[in-house]
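In: coordinates only, sequence not included:
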């Protein structure tokens, strides 16, 4: 088996947890051979921490290197599709963080462009063209594309999928959520830099997991995935409520400009099953990640966060000051659910293990380009649905 030589593109949050997870699956089948980022300090720190031999400050140079077989894209959303297309031109395999891409404004948009009142249909059509371009480029180059949707690989979701398979259940309904008290990243406040709000940043996870479960069910039953048929969505900016704005203290992130902080989506599938999925930047108490599948012979809930593998209490947050508990927890005081290994329970090591094997073996990974495309098109169909006040059929775009 040929060793896969991986180049990390980016040195921010995603690069940190990808590198930590690569270390957990250390084997002879791959090596992280290079890292590319413009931030010299963060790039150098990661290279030193993880023993990465080569550093680049130009993505084109890393992609042109004969010493790199695959790139792991850990850069902002707006750069995903340009980097995928460039990687394909160089014949490099691709691992891409979620989402696949997005709409970030017209090409000639001024720096103060706002998505308020902008055509969501134009956005959806643009995204459909982007997806088609990626599909063509990947097929033409003959490369392996890996979509970094960690929920597919999270042990609770994987167990849910196995239980649905073992019980022979028809999955009638899926419900799920990813929510927390808000992103602290400045880019997340504006459509031009984020591509959307909580629907794109957060709900892609339960959407991706729901689509995956139905794909798997279809393959078990008919050797073909069950695909999404239509989307109905409702979006809000809850932090714009007058009563909330009047409160003197804020424990929830504010400052959203032209993006939503709440999304509720109903997906209808081609077999007439449904999924009800929610995301919000207004939930206190830490991150909430769960998915439930209600089947004909079984009901299973996968609690990614929080789960009760470890429970803790302290009357004073300072007692736990030196210890990490769990993502997005506002305070360490009181009862909490510390994650024994957050990367493991959220699926990152197993995700990267599958990606490395897929690239090495020349096969599709579990989380592939079909899933990446369906998720992105579902999200932007959701934006159109919410703006137009109607259900949007997906068939013209898939």
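Out: Everything's here; your move. Everything numeric in this text was worked out from a predicted model, so none of it was measured. Numbers count the residues shown, from 1 in each chain.

In: Whichever helix or strand residue 357 is part of: which residues count as buried?
Out: Per DSSP states H and E: residue 357 is located in helix 348-361. Buried positions in helix 348-361, judged by neighbour count with 16 or more other C-beta atoms under 10 Å: 348-360. From N, CA and C alone the C-beta is placed, and that goes for glycine too.

In: want to throw these into a markdown table with pLDDT?
Out: A markdown table is the format used below for the buried residues of helix 348-361 (pLDDT from 0 to 100):
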| residue | pLDDT |
| --- | --- |
| 348 | 94 |
| 349 | 94 |
| 350 | 96 |
| 351 | 97 |
| 352 | 96 |
| 353 | 96 |
| 354 | 96 |
| 355 | 97 |
| 356 | 96 |
| 357 | 95 |
| 358 | 96 |
| 359 | 96 |
| 360 | 93 |
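
In: which residues are contacting the helix or strand harbouring residue 146?
Out: Using DSSP H and E, residue 146 falls within strand 145-148. Contacts of strand 145-148 with the rest of the structure, by C-beta atoms under 8 Å, 6 or more residues apart in numbering, involve 18, 84, 93-98, 100, 134, 138, 351, 354-355, 358-359, 365, 367-369, 371-372, 375.

In: Please apply the same query to stretch 64-71.
Out: The contact list for stretch 64-71 (C-beta under 8 Å, 6+ apart) reads 2, 4-9, 33-34, 54, 56, 62-63, 83, 87, 90, 92-95, 144, 359.

In: Going through those residues, which ones are buried?
Out: 4-9, 33-34, 54, 56, 62-63, 83, 87, 92-95, 144, 359.

In: Out of these, which sit inside helices?
Out: Counting by DSSP state H, the part of the buried ones among the contacts of stretch 64-71 found in helices is 62-63, 83, 87, 359.

In: which one among those residues gets closest to residue 397?
Out: residue 83 (22.9 Å; C-beta to C-beta).

In: What sits closest to that closest one if chain neighbours are left out?
Out: In space, residue 83 comes closest to residue 73 once its chain neighbours are excluded; the distance is 5.2 Å by C-beta to C-beta, 6 or more residues apart in numbering.

In: ditto for residue 100
Out: residue 372 is the one closest to residue 100 (C-beta to C-beta, 6+ apart), at 4.2 Å.

In: what's the pLDDT at the one you found?
Out: pLDDT for residue 372: 98.

In: how about residue 271, what does it touch?
Out: So residue 271 contacts 214, 218, 226 (C-beta under 8 Å, 6+ apart).

In: actually residue 152, not the one I typed
Out: Counting by C-beta under 8 Å, 6+ apart, residue 152 makes contact with 158, 208-209, 212, 347, 351, 366-367, 371.

In: who wins for neighbours among those residues?
Out: residue 209 (33 neighbours; other C-beta atoms under 10 Å).

In: would that one count as being in a helix?
Out: Yes - Residue 209 forms part of a helix when assessed by DSSP: H, G, I helix; E, B strand; the rest coil.

In: ok, and the closest non-adjacent residue to it?
Out: Nearest to residue 209 is residue 151, by C-beta to C-beta, 6+ apart, at 4.1 Å.

In: OK, contacts around residue 342?
Out: Per C-beta under 8 Å, 6+ apart, neighbours of residue 342: 324, 326-327.

In: Give me the neighbour count for residue 58.
Out: For residue 58, the neighbour count with other C-beta under 10 Å is 10.

In: Show me the helices in the stretch 51-200 of the chain, by range?
Out: Counting by DSSP state H, counting those that start in this stretch, the stretch 51-200 of the chain has helices at residues 59-64, 80-89, 120-141, 155-167, 191-194, 198-201.

In: Can you list phi and psi of residue 289 for me?
Out: The phi/psi pair for residue 289 (degrees, to the nearest 10) reads phi -130, psi 110.

In: How many neighbouring residues does residue 230 have?
Out: Residue 230, neighbours per other C-beta under 10 Å, totals 19.

In: Phi and psi next, for it.
Out: Dihedral pair for residue 230: phi -150, psi 160, per degrees, to the nearest 10.

In: With residue 339 instead?
Out: Dihedral angles (degrees, to the nearest 10) for residue 339: phi -80, psi 120.

In: What pLDDT is listed against the closest residue in space to it that isn't next to it in sequence?
Out: In space, and not counting its chain neighbours, residue 339 is closest to residue 326: 4.7 Å by C-beta to C-beta, 6+ apart. We note a pLDDT of 87 for residue 326 in this prediction.

In: Could you do residue 396 as well?
Out: 94.

In: Just to be sure, it is in a strand?
Out: No - going by three-state DSSP, the assignment for residue 396 is coil, not a strand.

In: and it, how many neighbours?
Out: Neighbour count for residue 396, taken as other C-beta under 10 Å: 11.

In: what does residue 173 give?
Out: Neighbour tally, residue 173, other C-beta under 10 Å: 14.

In: Next: residue 305.
Out: 23.

In: which residues sit in contact with residue 219?
Out: By C-beta under 8 Å, 6+ apart, the contact set of residue 219 is residue 225.

In: Any figure for the gap between it and residue 98?
Out: 22 Å (C-beta to C-beta, to the nearest Å).

In: tell me which element the residue nearest to residue 100 is part of?
Out: Going by DSSP H and E, residue 372 is part of helix 369-388.

In: Strand partners (parallel or antiparallel) of the very next helix or strand once past that helix?
Out: Counting by DSSP H and E, the next helix or strand C-terminal to helix 369-388 is strand 392-393. Using DSSP bridges, the strands paired with strand 392-393 are strand 228-236 (antiparallel).

In: The residue nearest to residue 100 - how many residues pack around it?
Out: Number of residues near residue 372 (other C-beta under 10 Å) recorded here: 28.

In: Spit out the contact partners of it.
Out: Contacts for residue 372 were tallied using C-beta under 8 Å, 6+ apart; they are 96, 98-100, 145, 147, 149.

In: Quick one: those as JSON lines, columns for pLDDT too.
Out: JSON lines is the format used below for the contacts of residue 372 (pLDDT from 0 to 100):
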{"residue": "96", "pLDDT": "98"}
{"residue": "98", "pLDDT": "96"}
{"residue": "99", "pLDDT": "97"}
{"residue": "100", "pLDDT": "97"}
{"residue": "145", "pLDDT": "98"}
{"residue": "147", "pLDDT": "98"}
{"residue": "149", "pLDDT": "98"}
